[in-house]
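S.K.: Predicted structure and sequence below. I'll ask about it afterward.
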Amino acid sequence: MGEQQKLFIVSDIHGHYKELKKALNEAGFDENRDDHHLLGLGDYFDRGTENKEVYEYAHGLDKKGKGTFLIGNHDLFLLEFFEEQDDRVLFNIDYNGFQTTLESFSGIPYEGPESLPLMRKLINEAYPKLQTWLESLPSFIERGPYIFVHGGIDGANPYWRQQNRRDYAWNYQSQLPGVKGKTVVAGHERTPFIRLREDRTQTFDEQELSGILKKDGKIFIDGYVEQTGRINVYTVTIEDPL
């Protein structure tokens with residue numbers, strides 16, 4: 001039997017550092033314990049205002065070997081910013097809460113498209129490792145009976161391990177078949193929305209519906225923090241440490 005490791009799994013932090021720390025404290029995560037490890041399933045940024053704090057915490061754990069982080073679709077938005085895909089950047093500012101990320105990292109207010117070059121310069125100067133860190137993040141991790149991913153795995157595709165990066169980040173696991181013999185743990189899709197779609201008779205009680213959802217070999221953990229203030233922490237013990 002190999003060395004056991006307890007994973008504390010979170011997803012869809014969306015710039016809510018205080019809520020992240022509160023949830024981890026309540027779950028008993030201790031970065032000083034050898035057998036504790038944080039696993040992030042993506043979407044660390046946008047909507048909330050503490051984006052740089054989330055990055056500094058995650059990057060610090062990663063450097064110490066105490067955290068492993070997957071990439072989500074909102075993290076791809078930040079890469080598009082670094083790659084100067086400004087049409088995409090402007091769309092994400094208008095519709096996906098990306099303005100808070102730019103302002104958090106750059107330290108200046110967004111004042112229209114003309115702000116982007118200066119923001120890019122300031123962010124690269126203040127956080128020179130941010131882009132390469134994002135580029136290094138894996139799309140999924142497989143350990144024993146578990147597959148961890150931000151968006152989803154298409155279990156009907158025998159070559160699912162060769163999906164492209166955007167598919168892993170953008171797929172909705174609730175709308176895809178699972179992987180035979182595996183449990184897929186995913187973020188991306190808010191658990192209240194999954195529950196309400198499957199049972200429209202339910203009333204929208206945010207706290208009741210936003211908890212971890214287990215269904216058909218899939219586990220969903222996105223608690224819709226920007227609305228509920230809740231970050232779910234799912235824990236599992238594995239034999240093959242990250």
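M.R.: Perfect, thanks for sending it.

S.K.: ok, and for stretch 21-35, which residues are buried?
M.R.: 21, 23-24, 27, 29 (16 or more other CB atoms under 10 Å). No exception for glycine: its C-beta is placed from N, CA and C like everyone else's.

S.K.: In the chain, which residue is most central in space?
M.R.: By CA atoms, centre = their mean, the chain has its centre lying nearest to residue 42, at 1.9 Å.

S.K.: Spatially, what comes nearest to it if we skip its sequence neighbours?
M.R.: residue 72 (2.3 Å; CB to CB, 6 or more residues apart in numbering).

S.K.: Quick check: pLDDT value at the one you found.
M.R.: Per-residue confidence (pLDDT) for residue 72: 98.

S.K.: Number of residues surrounding residue 108?
M.R.: 12 (other CB atoms under 10 Å).

S.K.: close enough to count as contact, it and residue 120?
M.R.: No. Between residue 108 and residue 120 there is no contact under CB atoms under 8 Å: 11.5 Å.

S.K.: list the helices and strands the helix ranked longest in the chain packs on?
M.R.: Across the chain, the longest stretch assigned as helix under DSSP state H is helix 51-63. The contact analysis (3 or more CB pairs under 8 Å, 6 or more residues apart in numbering; DSSP states H and E) places helix 51-63 against helix 17-27, strand 36-40, strand 67-69, helix 98-106, helix 130-136.

S.K.: Tell me which of those approaches residue 228 most closely.
M.R.: Within the helices and strands packed on helix 51-63, the stretch nearest residue 228 is helix 17-27; the backing value is 9.4 Å (CB to CB).

S.K.: what's in contact with that closest one?
M.R.: 8, 10, 13, 38, 48, 50, 53-54, 57, 225, 229-233, 235 (CB atoms under 8 Å, 6 or more residues apart in numbering).

S.K.: Just send the buried residues of stretch 21-35 back as a markdown table, with pLDDT too.
M.R.: Shown next, in a markdown table, are the buried residues of stretch 21-35 (pLDDT from 0 to 100):
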| residue | pLDDT |
| --- | --- |
| 21 | 98 |
| 23 | 98 |
| 24 | 98 |
| 27 | 98 |
| 29 | 98 |
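
S.K.: Taking those residues, tell me the two that lie furthest apart.
M.R.: For the buried residues of stretch 21-35, and using CB to CB, no pair is farther apart than 21 and 27, which are 10.8 Å apart.

S.K.: Confidence-wise, which helix or strand of the protein is lowest on average?
M.R.: helix 206-209 (a mean of 72; mean pLDDT, DSSP states H and E).

S.K.: Following the chain onward from it, which element is next?
M.R.: Next helix or strand after helix 206-209 toward the C-terminus (DSSP states H and E): strand 213-215.
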